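Peer 1: No letters, just coordinates:
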């Protein structure tokens, strides 16, 4: 399994901790999510669909169609991101393997070598972009829900 390139970045929760949740902040998060959706749409069109076998392309095309129609801010999109991510992770896993490389004189034994084919490496980067999109969508939905619930509590 290829590690996520985002593991070294702080989670979105940590990035917005101690931040006042205002309409302006929610709008900014939503704008970033929309920009990320554009990035993901381009990558799915240009990278993912060509690397998938024909029988596996429908999930990617359906997902991109939904992003193109701006149906981004719902919990069901997170399920679609997870499904596409799982499909891509299977392809990455299939293109990644380890082997043993003995040292020159076979004195110390050797070491493991990780081999990742170019398609798996490329798809692994798309997985990172999907993870970021998922986090941004969830942050936007959660922020909107938090503002709505806080308003309800205040007006009781």
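Peer 2: Looks like it arrived, so ask away. This structure is a prediction, so every number in the text was calculated from the model and none was measured.
Peer 1: C-alpha from now on. contacts and neighbour counts both.
Peer 2: Fine.
Peer 1: does residue 100 sit in a helix, a strand or a coil?
Peer 2: At residue 100 the chain is in strand, as set by DSSP: H, G, I helix; E, B strand; the rest coil.
Peer 1: The closest residue in space to it that isn't next to it in sequence is in what secondary structure piece?
Peer 2: Counting by CA to CA, 6 or more residues apart in numbering, residue 100 lies nearest to residue 112, which is 4.6 Å off, once chain neighbours are set aside. Per DSSP states H and E: residue 112 is located in strand 111-116.
Peer 1: and what of residue 71?
Peer 2: Using DSSP H and E, no helix or strand contains residue 71.
Peer 1: Can you give me the neighbour number for it?
Peer 2: By other CA atoms under 10 Å, 12 other residues sit near residue 71.
Peer 1: Please report how far the residue lying closest to it once chain neighbours are set aside lies from residue 27.
Peer 2: In space, and not counting its chain neighbours, residue 71 is closest to residue 77: 7.8 Å by CA to CA, 6+ apart. With distances taken as CA to CA, to the nearest Å, residue 77 is found 19 Å from residue 27.
Peer 1: and the two? which has more neighbours close in?
Peer 2: Just comparing residue 77 and residue 27: by other CA under 10 Å the higher neighbour count belongs to residue 77, 18 against 14.
Peer 1: counting contacts, what elements does whichever helix or strand residue 131 is part of pack onto?
Peer 2: When elements are assigned from DSSP H and E, residue 131 belongs to helix 118-154. Here helix 118-154 touches helix 12-15, helix 23-43, helix 75-94, going by 3 or more CA pairs under 8 Å, 6 or more residues apart in numbering; DSSP states H and E.
Peer 1: of all the ones you listed, which lies closest to residue 145?
Peer 2: helix 23-43 (10.5 Å; CA to CA).
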